[in-house]
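Q: I need the structure of the sequence given here:
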Amino acid sequence: MQNDYEKFELAPEYAERINGLDTIRLAIVGKDPFPMGARAIPFVKDTWAALDDRSAGHHLFRSLLGMNVEQTYGTPQDAAHALLDGHLDGQRIVLLNASYSFLKGEKLSPQTHSALVSESLETNRPILAKTEYILLCGGAKRMMKWVMPLTDTAYAAPHPSLQSKNSLPAERRWEWNYWWEVGRLREWLQGPTKYY
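A: Below is the predicted model of the structure:
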């Protein structure tokens, strides 16, 4: 069954740089790779134009790096590496997926998908072990709970895509805004707290 899923491992250079770090302030964990235009760094596409306002990465990068992220960093990859290098107030931030295999939009099921998450945990476990905070986006929380216990330093957030925001009932859209409005995640990192 696992061979039926297209896989997007972390870019070797990106993974090597992460593994060379002693500590990480925040790991942002998505569910699985983008359905179109996925690259070997989660939440990243080749160009800012490809990472339009419907994309999760569009809102993630603005929440961390501000409205003018495209003018500051040439590509989304440059922005991801800048986060890794501590360009956000000296805080190192990594981008991961609960599964590096594209789950084809299937309904999440431990029977069908937990082996893929376990396989990805081989990459993620050493990274998460040296991470101060973990932000689990959308279905990532459920998926990670299949394979490891979560501590009180793991936070759940709606997925950063615009589709996720629009699928929330109107009275719950504040949850998406709490994490993904421009500059919000950068502000949250100044003193992480649960929002509920």
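
Q: switch to C-alpha atoms for all contacts and neighbour counts from now on
A: Will do.

Q: Write down the beta-bridge partners of L88, one by one.
A: Q91 (DSSP bridges).

Q: ok, now which ones touch it?
A: Shown in contact with L88 (C-alpha atoms under 8 Å, 6 or more residues apart in numbering): L64, L65, A82, R186.

Q: With neighbour count and secondary structure added, can I get those residues in CSV?
A: Listed next are the contacts of L88 as CSV, based on neighbours: other C-alpha atoms under 10 Å; DSSP: H, G, I helix; E, B strand; the rest coil:
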residue, neighbour count, secondary structure
L64, 24, helix
L65, 23, helix
A82, 17, helix
R186, 21, helix
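
Q: Take those and lay them out in TSV including pLDDT and distance to Q163.
A: Shown next, in TSV, are those (pLDDT from 0 to 100; distance: C-alpha to C-alpha, whole Å):
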residue	pLDDT	distance to Q163
L64	97	20
L65	96	21
A82	97	27
R186	95	22
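
Q: now, the most widely separated pair of these?
A: Greatest spacing in the contacts of L88, by C-alpha to C-alpha: A82 and R186 (13.9 Å).

Q: Outside of the helix or strand W174 falls within itself, list whatever touches it.
A: Assessed by DSSP states H and E, W174 sits inside helix 173-180. The contact list for helix 173-180 (C-alpha under 8 Å, 6+ apart) reads 59-60, 62-63, 157-160, 165-166, 184-185, 188, 195.

Q: Only whichever of those are buried, select them in PyMOL.
A: Here is the PyMOL command that picks out the buried ones among these, judged by 16 or more other C-alpha atoms under 10 Å:
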select buried, resi 59+60+62+63+157+158+159+160+165+184+185+188
